[in-house]
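>>> Here you go, sequence then predicted model.
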Amino acid sequence: MNVRDTLAQNLRKHRLSAKLTQEQLAWKAELTPDFIGRIERAERTISVDNLEKLAKALKIPPHLLLIPESYRENLK
């Protein structure tokens, strides 16, 4: 799995865990719902600034959006 796919999977997981729609997350992160959807479908890369906006909106450290699930399981 590449970084773009990992970000897509983690963003969706954390958004759903926070019980947010794409529209709600977009509003909180000052981004567009279309942009959120494209990230979650691994169609877009994002800047570090937008990664930080998403993490702040989700109230998580930014690195959690980039760590593959399999790697996190090995850290436990």
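Arrived safely. Residues are numbered from 1 along each chain as shown.

>>> ok, residue 66 touching residue 10?
Yes: with contact defined as C-beta atoms under 8 Å, residue 66 reaches residue 10; the gap is 7.2 Å. For glycine as for every other residue, the C-beta is placed from the backbone atoms N, C-alpha and C.

>>> Have a look at the two and say which one is more surrounded.
Remark: of residue 66 and residue 10, residue 10 carries more neighbours, 21 against 13, as counted by other C-beta atoms under 10 Å.

>>> Nearest residue to that one in space, please, no chain neighbours.
residue 65 (4.8 Å; C-beta to C-beta, 6 or more residues apart in numbering).

>>> Wait, that neighbour touches residue 54, no?
Yes: here residue 65 lies in contact with residue 54, judged by C-beta under 8 Å, at a distance of 6.6 Å.

>>> which residues are common contacts for these two?
Common neighbours of residue 65 and residue 54, counting by C-beta atoms under 8 Å, 6 or more residues apart in numbering, are residue 11.

>>> who's more crowded, the two?
Neighbours per residue (other C-beta under 10 Å) separate residue 65 from residue 54, with residue 54 holding more: 26 against 23.

>>> What helix or strand is the more buried one located in?
helix 48-58 (DSSP states H and E).

>>> And the average pLDDT for that helix is what?
Average pLDDT, helix 48-58: 98.

>>> so how far is residue 29 from residue 21?
Residue 21 sits 13 Å away from residue 29, going by C-beta to C-beta, to the nearest Å.

>>> Next: residue 43.
Taking C-beta to C-beta, one finds residue 43 at 17 Å from residue 29.

>>> More neighbours: which of the two?
Remark: of residue 43 and residue 29, residue 29 carries more neighbours, 20 against 11, as counted by other C-beta under 10 Å.

>>> Surely the more buried one and residue 59 touch.
No: contact criterion C-beta under 8 Å: residue 29 and residue 59 do not qualify, at 11.4 Å.
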